[in-house]
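Novice: build the 3D model from these lines:
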Amino acid sequence: MSQDPFEQTIQALLALGGQRVWSLMVTLFGDLAQAEGQGIDGPVLSIVMSEMAIRPEAVRVALHRLRNDGWIASEKRGRTRRHTLTAKSRAESAAASARIYAPPDEPDGDWQLVILEDSGGASHDGMAKRGFAPLLPRVYLGAAQCHPPQDALVLPGDHAPDWLRQQIAPKVLQDEYRALQDVLMTAEKRLGSAAGLSAQQQAVLRCLIVHNWRRIVLRHPALPRKLLPRDWAGHSCHILVNRLLTRFPRPALGDIVAT
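Specialist: Presented below is the predicted three-dimensional model:
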């Protein structure tokens, strides 16, 4: 017997890999309970995680890790335990959300080319945190609003030839973007509207869409479209993620309890 469209979509998203339980929880809390004062009760968390075929003992281990890391705080409310983000994790989630949930069709920005004095002037990780991607040793590209290190030579960018677009694209992630693009395109065709899903199914679907998008998009700087190939799969994924999250809005946590 063939699976229903929702089950097929969930299995396809889970098959993309990188689905560590603690990381899925980070995504779930960031999507459903990021604001101060919001939290997820234990029964609700159990319902959503079980929908992803995650065993209760794996949920307990992940919660223990996140509490030890200072990411999750838990408190007893009667017979129910409520889990919330800490102040630190809320701030980090908000910073990541600006990238994860950004509209895909924002106006394209200007860019700059930065040349460092020597190759030891800044690490790749340090430049990535500033928003720059490596082109050559000592040479980086980034959006015009990014702040380069002091004493770097900064040249404003104009036209970006195709060879530059191909060279600067995060090639290491191209296959991952294409795999996600295929799954999201199929999901968009396969699934109907939110009216056909329960609140817990919407929560699971959103969690897996955001999680697979988050684990790719946060691994490279945000570059202006002018610097990326015209057929870059990352942009197609961004559009699909935005459309699906709009079609399947966040459910109320109270509705998940009721299903």
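Novice: counting contacts, what elements does the helix or strand bottoming out on mean pLDDT in the chain pack onto?
Specialist: The helix or strand of the chain with the lowest confidence, counting by mean pLDDT, DSSP states H and E, is helix 253-258 at a mean of 81. Packing partners of helix 253-258 (3 or more C-beta pairs under 8 Å, 6 or more residues apart in numbering; DSSP states H and E): strand 40-41, helix 42-51, helix 199-217. C-beta here means a position set from N, CA and C on the backbone, and glycine is covered the same way.
Novice: in that helix, which residues are buried?
Specialist: Going by neighbour count (16 or more other C-beta atoms under 10 Å), the buried part of helix 253-258 is Leu253, Ile256.
Novice: for that helix, the distance to its chain's centre please.
Specialist: With C-alpha atoms, centre = their mean, to the nearest Å as the basis, helix 253-258 stands 24 Å off its chain's centre.
Novice: what's the nearest residue to Val183 once chain neighbours are set aside in contact with, if anything?
Specialist: Distances taken as C-beta to C-beta, 6 or more residues apart in numbering place Ala12 nearest to Val183, at 4.7 Å, with adjacent residues excluded. Contacts for Ala12 (C-beta atoms under 8 Å, 6 or more residues apart in numbering) come out as Val183, Thr186, Ala187.
Novice: okay, the spatially closest residue to the second one that is not a sequence neighbour: pLDDT?
Specialist: Distances taken as C-beta to C-beta, 6+ apart put Ala12 closest to Thr186, at 6.8 Å, once the chain neighbours are dropped. The predicted local distance difference test score for Ala12 is 95.
Novice: chain center to the one helix or strand Ala12 maps to, what's the gap?
Specialist: Secondary structure from DSSP states H and E places Ala12 in helix 5-14. Distance of helix 5-14 from its chain centroid, counting by C-alpha atoms, centre = their mean, is 18 Å.
Novice: what angle sits between that helix and helix 199-217?
Specialist: 30 degrees (axes from the mean of the first three to the mean of the last three C-alpha atoms, to 10 degrees).
Novice: what segments of the stretch 151-259 of the chain are strands?
Specialist: Along the stretch 151-259 of the chain, the segments classed as strands by DSSP state E, counting those that start in this stretch run 153-156.
Novice: just for it, where's the confidence low?
Specialist: Scanning the stretch 151-259 of the chain for pLDDT under 70 picks out 172, 194, 258-259.
Novice: and the helices in the stretch 101-250 of the chain?
Specialist: Counting by DSSP state H, counting those that start in this stretch, the stretch 101-250 of the chain has helices at residues 124-130, 162-168, 174-190, 199-217, 233-247.
Novice: buried ones in the fourth one, by neighbour count?
Specialist: To tie it back to what came earlier, the one meant is helix 199-217. Neighbour counts using 16+ other C-beta under 10 Å place 199-217 of helix 199-217 among the buried residues.
Novice: could you do the last one as well?
Specialist: Neighbour-count burial for helix 233-247, with 16+ other C-beta under 10 Å as criterion, is recorded at Ala233, Gly234, His235, Ser236, Cys237, His238, Leu240, Val241, Asn242, Leu244, Leu245.
Novice: make JSON lines out of these and add distance to Asp175.
Specialist: Converted to JSON lines, those look like this (distance: C-beta to C-beta, whole Å):
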{"residue": "Ala233", "distance to Asp175": "9"}
{"residue": "Gly234", "distance to Asp175": "12"}
{"residue": "His235", "distance to Asp175": "16"}
{"residue": "Ser236", "distance to Asp175": "14"}
{"residue": "Cys237", "distance to Asp175": "12"}
{"residue": "His238", "distance to Asp175": "17"}
{"residue": "Leu240", "distance to Asp175": "17"}
{"residue": "Val241", "distance to Asp175": "18"}
{"residue": "Asn242", "distance to Asp175": "22"}
{"residue": "Leu244", "distance to Asp175": "21"}
{"residue": "Leu245", "distance to Asp175": "23"}
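Novice: what's near enough to touch Ser236?
Specialist: Tyr177, Gln181.
Novice: Cys207 against Asp31, yeah?
Specialist: Yes: Cys207 is within contact range of Asp31, at 6.1 Å (criterion: C-beta atoms under 8 Å).
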